[in-house]
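**Q** Return atomic coordinates for the entry below.
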Amino acid sequence: VRMQQIMRNSKTVRVSTSDDPVGVQLGGALKNTLAIGAGMLSGMGFGINTLSAMVTRASHELRQLCIAMGGNPRTIDGLAGMGDLMLTCFSSQSRNQQCGQRLMKGERIKDIEKNCTVEGIATADVAIVYADM
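**A** Take a look at the predicted model:
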């Protein structure tokens, strides 16, 4: 409770809430898989224009999936969707983005996972199931 009070009154931290758990969970999970794809594009030598096009298209598909699963597509337009998606896809510090780049260098997933946790790998299988629904 004390931490919540501190964060609510903070001038440096802004806490956002949502009444859309479906949209928040989809945005939080699928951004990781999409970032692996962004890393693969980078690893193949594509530039920021191609990555931007991919993220734009990915956000549209994420909204469509959110609607199909009963979530609010506006959630995907916010921090839980686009904010997370852009950060994870464009950041060189993203483990998922790094994974995609490493895959394009010929490394194997099981070898990459020995050094770090890459959330997007396990999420990819689940994403395929939901996308096929």
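
**Q** From the chain's centroid, how far away is stretch 80-91?
**A** Relative to the chain's own centre, stretch 80-91 is displaced by 6 Å; criterion: CA atoms, centre = their mean, to the nearest Å.

**Q** tell me which residues of it are tucked away?
**A** Residues of stretch 80-91 classed as buried by neighbour count (16 or more other CB atoms under 10 Å): 80-82, 84-86, 88-90. From N, CA and C alone the C-beta is placed, and that goes for glycine too.

**Q** How far away from the center of its chain is stretch 62-71?
**A** Taking CA atoms, centre = their mean, one finds the center of stretch 62-71 at 15 Å from the center of the full chain.

**Q** which parts of that stretch are buried?
**A** Buried, per 16+ other CB under 10 Å, within stretch 62-71: 62-63, 65-66, 71.

**Q** Which secondary structure elements does the longest helix along the chain sit against?
**A** The residue-count maximum for a helix in the chain (DSSP state H) belongs to helix 21-43. If you count contacts as 3 or more CB pairs under 8 Å, 6 or more residues apart in numbering; DSSP states H and E, helix 21-43 packs onto helix 48-68, helix 73-76, helix 84-90, helix 95-104, helix 119-131.
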